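Peer 1: Sharing a model prediction with you, sequence too.
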Amino acid sequence: MALILPVKGIAPKFGNNIYLAENCTVVGEVTTGDDCSIWFNTVVRGDVHYIKMGNKVNVQDGAIIHCTYQKAPVNIGNNVSIGHRAIAHGCTVHDNVLIGMGAIVMDHCVIGENSIIAAGSVVLENTIVEPGSIYAGIPAKKVKNVDQDNFKDLIERISNNYVMYSSWFKEETQKP
């Protein structure tokens, strides 16, 4: 069963149709929307500031979401995929964003809607990622614009797939 803990009297609040992997950790002032999934070995730690997630957010295996004490909360929009072992720390991520595997997004960054942060990239503190763009590298820089015709289908497919994947695990845990 997932480790869900209050911190200073504030417990996480979850929307409808949520999947929490049995070894994920969610603590403190964390609020999710509907159809979210938090996967294996993931830590979502709202102990020093709040974390808010929209609908259809998937936080994949080994990812970390955390904040900076009294300075930098985390706000995540709708249809956001945070890849395996990625870190989102004290940042704002708008709707329809893919943060690739192993990427790091640091304090006070703003990731514009319909964007991709490439796998392994490091988005330095205070970086503003333009909507509809792809950022890659260390430090992450804009490499090109996203082909919006294909992107909407891609991010919607990933979000929907994670809702489907989570249903498989829910079905297994509900068997007698």
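Peer 2: It's in.

Peer 1: low-confidence ranges in this structure?
Peer 2: Applying pLDDT under 70 to the chain picks out residues 172-176.

Peer 1: mind checking the longest strand of it?
Peer 2: Across the chain, the longest stretch assigned as strand under DSSP state E is strand 43-53.

Peer 1: What strands line up against that strand, and which way round?
Peer 2: Here strand 43-53 has these sheet partners by DSSP bridges: strand 25-31 (parallel), strand 64-66 (parallel), strand 74-76 (parallel).

Peer 1: Outside of whichever helix or strand comes after it itself, list whatever touches it.
Peer 2: As assigned by DSSP states H and E, the chain's next helix or strand after strand 43-53 is strand 58-59. With contact meaning Cβ atoms under 8 Å, 6 or more residues apart in numbering, strand 58-59 is reached by 36-39, 42, 44, 53, 65, 80-82, 158-159, 162. C-beta coordinates here come from the backbone N, C-alpha and C atoms, glycine included.

Peer 1: Likewise for stretch 99-112?
Peer 2: Outside stretch 99-112, the residues that touch it by Cβ under 8 Å, 6+ apart are 60, 68, 71-72, 80-94, 97, 116-133, 140.

Peer 1: Now, of these, which are buried?
Peer 2: Neighbour-count burial (16 or more other Cβ atoms under 10 Å) is assigned, among the contacts of stretch 99-112, to 60, 68, 72, 80-94, 97, 116-123, 127, 129-133, 140.

Peer 1: wait, what's in contact with the most centrally placed residue in the chain?
Peer 2: Nearest to the mean C-alpha position of the chain, counting by Cα atoms, centre = their mean, stands I82 at 4.2 Å. I82 makes contact with 57-60, 63, 65, 76, 88, 93, 99, according to Cβ under 8 Å, 6+ apart.
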